[in-house]
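Visitor: Pasting the sequence and the predicted coordinates here, then a few questions.
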Amino acid sequence: MGGRLHTHMKRCTYCGREHSDEAMICSFDEEPLESVALPSTAAARSVPPTCNGDFNSEAAAQRRLLKQKITLMAKTARTKGSSFGEIETELIKLGMDQELMREVMMEVEGKTAQAMAEKNDLNMRHGLYWLLGGLLVTLVTYGMARGSECGVRTSCSH
């Protein structure tokens, strides 16, 4: 049904932006791309989540990089039609530990705190737009009714 997760990405030779391995040229500056292998999953498995850990350690940096790249690949697979179950199966095949897989899947499903905050902000903006639109319609119709020669309760005789 959907696409498989791959263990490499492509990077722009000019700007350094990362792209899926299917891309041929950079979507930003149209320069050629070079293949880049992902770090091994063994390094990521050996490092616990960086909640209270050392953010500057090499292993923690490798784990963050791996998580970013795997998340991008999983999101790409999802947009190509892969189900969440298929993506999880591919992550297991790549040797992902449960904690890293859970973090990646939360990002793919859009359930991270940041994603939820962005969605809440968007919903608040939409609510504000509806409120302002409703007030505008109310004021315009009130002004039209008040400014007409014929009121609602009286009849016009011209």
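Guide: Great, that's in hand.

Visitor: roughly how far apart are Pro32 and Lys69?
Guide: Going from Pro32 to Lys69 by C-beta to C-beta, to the nearest Å gives 20 Å. From N, CA and C alone the C-beta is placed, and that goes for glycine too.

Visitor: Tell me which of the two has more neighbours.
Guide: Lys69 (19 against 11; other C-beta atoms under 10 Å).

Visitor: is it true that that one touches Glu18?
Guide: Yes - shown here, Lys69 and Glu18 form a contact pair, counting by C-beta atoms under 8 Å, at 7.3 Å.

Visitor: After the helix or strand bottoming out on mean pLDDT in the chain, heading C-terminal, what element do we hit next?
Guide: Ranked by mean pLDDT, DSSP states H and E, the weakest helix or strand in the chain is helix 41-45, scoring a mean of 48. Using DSSP states H and E, the next helix or strand after helix 41-45 towards the C-terminus is helix 58-79.

Visitor: What average pLDDT does that next one get?
Guide: Helix 58-79 comes out with an average pLDDT of 84.

Visitor: just the angle between the helix or strand following that helix and helix 58-79, please?
Guide: Once helix 58-79 ends, the next helix or strand along the chain (criterion: DSSP H and E) is helix 84-93. Angle, helix 84-93 to helix 58-79, by axes from the mean of the first three to the mean of the last three C-alpha atoms, to 10 degrees: 150 degrees.

Visitor: buried sites along helix 84-93?
Guide: Within helix 84-93, the residues scored as buried using 16 or more other C-beta atoms under 10 Å are 86-88, 90-91.

Visitor: SS state for Met9?
Guide: strand (DSSP: H, G, I helix; E, B strand; the rest coil).

Visitor: Verify the contact between it and Gln68 for me.
Guide: No - counting by C-beta under 8 Å, Met9 sits too far from Gln68 to count as a contact (10.0 Å).

Visitor: Can you classify the spatially most central residue of the chain as helix, strand or coil?
Guide: By C-alpha atoms, centre = their mean, the chain has its centre lying nearest to Gly110, at 6.2 Å. Classification of Gly110 by three-state DSSP places it in coil.
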